[in-house]
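Asks: Return a 3D structure for these sequence lines:
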Amino acid sequence: MEASSPLTGSLRWSGAALMVGALAFGFGLSLLAFTPVASQQPPAPVAALLLASAILLICGLPGLYAAQSTAIGVPGLVGHVLLTVGLFVPVLYAAPPILYPSLSQAPPDSALLFGLAVAMTAGLLVTGVTALRGGVVPRPAAVLLLAATVGFFFDLFIAEFMPAGVAAAGTGGLGLLVALGFGWMGAAMLMPRPSVRH
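Replies: Below is the predicted model:
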């Protein structure tokens, strides 16, 4: 059995963080979909799960970029940066119920959150496109990220104008797409040769 290089070991740790973070994020959004929280803060356990998942995803994304950097170049780096910045949406969303559990009212929308949401949407799109074109990680996983882009856009910018059931389905669907897409990519990075094309 070949000894793993330090880089390969780091990629595997990043893959594990990405996979666990994606699954936790998907589970957290699914719980959120079945917990009506319009105009209220999310329950503290759900908020803690979303916060932990966002931290794990932020820790795992550099390894995902490193594994594909030669194939995806500068556009992939742009997608990586946008996605990392955008992941502060769940961080800021989840922080108030943990820091201030006595507050029941959700904080009002802000220009900062809107900007981060736009970065998240663009980051998912660019990451999905570059991963699909680069072919380093499984291409079906990249397609799932592109579908998650549509889901995230719907969830943030359209769902509030839809019936509650449709909005909940959108949130749950987004969680499933993110969990499958990034979870699959993370699992591929755990393989002995994460740079093998699929």
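
Asks: C-alpha only now, for contacts and for neighbours.
Replies: Noted.

Asks: With adjacent residues omitted, what lies nearest to A52?
Replies: Spatial nearest neighbour of A52, excluding adjacent residues (C-alpha to C-alpha, 6 or more residues apart in numbering): G21 at 7.4 Å.

Asks: For that neighbour, list the residues it contacts.
Replies: A52, S53, A54, I55, L56, L57, G183 (C-alpha atoms under 8 Å, 6 or more residues apart in numbering).

Asks: If we use 7 Å, what do you get?
Replies: Counting by C-alpha atoms under 7 Å, 6 or more residues apart in numbering, G21 makes contact with S53, A54, L56, L57.

Asks: Is it correct that the second one is in contact with V91?
Replies: The reference is to A54. Yes - in this structure, A54 is within contact of V91 by C-alpha atoms under 7 Å, at 6.5 Å.

Asks: And the helices in the protein?
Replies: Counting by DSSP state H, one finds helices in the chain at the ranges 6-33, 44-86, 88-99, 111-134, 139-157, 164-189.

Asks: List the neighbours of the third one that are in contact with it.
Replies: Right, helix 88-99. Contacts for helix 88-99 (C-alpha under 7 Å, 6+ apart): Q41, P42, A44, A47, A48, L50, L51, A54, L113, L116, A117.

Asks: if we go to 10 Å?
Replies: Under the contact criterion C-alpha atoms under 10 Å, 6 or more residues apart in numbering, helix 88-99 has outside partners 25, 40-55, 58, 101-107, 112-120.

Asks: Quick check, pLDDT for the residue nearest to A52.
Replies: You'll see G21 listed with a pLDDT of 96.

Asks: Spatially central residue for the protein, please.
Replies: V178 (5.7 Å; C-alpha atoms, centre = their mean).

Asks: Next one: it from G123, what distance?
Replies: Distance from V178 to G123, counting by C-alpha to C-alpha, to the nearest Å: 13 Å.

Asks: Can you pull the poorly scored residue ranges out of the protein?
Replies: 1-7, 36-39, 106-108, 159, 164, 192-198 (pLDDT under 70).

Asks: Convert the C-alpha atoms of stretch 25-43 to PDB, please.
Replies: The C-alpha coordinates for stretch 25-43 follow below in PDB (Å, rounded to 0.1, in the frame of the first residue of the first chain):
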ATOM      1  CA  PHE A  25     -26.700  21.000   6.300                       C
ATOM      2  CA  GLY A  26     -29.200  18.900   4.400                       C
ATOM      3  CA  PHE A  27     -30.700  17.500   7.600                       C
ATOM      4  CA  GLY A  28     -30.800  20.900   9.200                       C
ATOM      5  CA  LEU A  29     -32.700  22.400   6.200                       C
ATOM      6  CA  SER A  30     -35.100  19.500   6.200                       C
ATOM      7  CA  LEU A  31     -35.900  20.100   9.900                       C
ATOM      8  CA  LEU A  32     -36.300  23.800   9.100                       C
ATOM      9  CA  ALA A  33     -38.800  22.900   6.300                       C
ATOM     10  CA  PHE A  34     -41.000  21.000   8.800                       C
ATOM     11  CA  THR A  35     -40.700  23.700  11.500                       C
ATOM     12  CA  PRO A  36     -42.700  26.800  10.700                       C
ATOM     13  CA  VAL A  37     -40.500  29.700  11.600                       C
ATOM     14  CA  ALA A  38     -41.800  32.500   9.500                       C
ATOM     15  CA  SER A  39     -41.000  35.800  11.400                       C
ATOM     16  CA  GLN A  40     -39.500  33.700  14.200                       C
ATOM     17  CA  GLN A  41     -36.000  32.500  15.000                       C
ATOM     18  CA  PRO A  42     -35.300  28.800  14.200                       C
ATOM     19  CA  PRO A  43     -35.300  26.400  17.200                       C
END
